[in-house]
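whatever this is, show me its structure:
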Amino acid sequence: MVAARRDGGDVGTAELADRYDRSRRTDVTTRTLAVDLLNRSLLSDFVPMQGARGLSLFLMQRIGTAAIETGGAMSTEAENLDKPSRSSVAERMRLRRGLRHVGILLDVTQIEGLIRKGYLGQEYRDDRCALAFAIDALLSDALVNEK
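Purely as a prediction, here's the structure:
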């Protein structure tokens, strides 16, 4: 596509689209399957599955970080794997400020409770940011602003 565009050719031809589809299909399929497997493992109560999920995510982060730091080339050299990733640097900064990131699942009754108690507006029930602020306010009122 890049060559066709650079040379002034038609980037919308069927042949070019088929070539692009063939070149991307494996990548897209493997990523889709990996995300699906990670999502399914998140819902599993089987403890070894949760451990495998955590280890897989850790390794993907470390390998991805090494690839970025080496200009895109995959590398497993120790010096590349030991460098802190941007996300681990950000995590250390949050820890210094006393913040921890916690992902939680909310069911409908809990969201309704946040609305009923005035922490969340009805129109924001599907807004992730609004839900996070509502839970933060609830926890602050319950644990920090105790009377």
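
for this structure, longest helix please?
If you go by DSSP state H, the chain has its longest helix at helix 14-42.

may I see the buried residues of it?
16, 41 (16 or more other CB atoms under 10 Å). All C-beta atoms are positioned from the backbone trio N, CA, C, and that covers glycine.

for the chain, give me the ranges with low pLDDT.
1-2, 4, 64-97, 99, 146-147 (pLDDT under 70).

what's the angle between the helix or strand just after the longest helix of the chain and helix 14-42?
Later in the chain than helix 14-42, the nearest helix or strand by DSSP states H and E is helix 47-69. Orientation check (axes from the mean of the first three to the mean of the last three CA atoms, to 10 degrees): helix 47-69 against helix 14-42 gives 140 degrees.

show me what helix 47-69 packs onto, helices and strands only.
helix 14-42, helix 78-81 (3 or more CB pairs under 8 Å, 6 or more residues apart in numbering; DSSP states H and E).

10 Å - rerun?
helix 14-42, helix 78-81, helix 86-96 (3 or more CB pairs under 10 Å, 6 or more residues apart in numbering; DSSP states H and E).

report all helices and strands that the longest helix of the chain contacts.
If you count contacts as 3+ CB pairs under 10 Å, 6+ apart, helix 14-42 packs onto helix 2-6, helix 47-69.

let's have those helices in TSV, adding mean neighbour count and distance to residue 125.
Listed next are those as TSV, based on neighbours: other CB atoms under 10 Å; distance: least, CB to CB, whole Å:
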stretch	mean neighbour count	distance to residue 125
helix 2-6	10	44
helix 47-69	13	28
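
residues contacting residue 38?
By CB atoms under 10 Å, 6 or more residues apart in numbering, the contact list for residue 38 reads 53, 56-57, 60.

among these, which one lies nearest to residue 27?
Among those, residue 60 lies closest to residue 27 (CB to CB), at 14.6 Å.

I'd like to know how far that closest one sits from residue 25.
Distance, residue 60 to residue 25, using CB to CB, to the nearest Å: 21 Å.

neighbours around the nearest residue in space to residue 124 that is not next to it in sequence, how many?
Spatial nearest neighbour of residue 124, excluding adjacent residues (CB to CB, 6 or more residues apart in numbering): residue 130 at 3.6 Å. When counting by other CB atoms under 10 Å, one arrives at 16 neighbours for residue 130.
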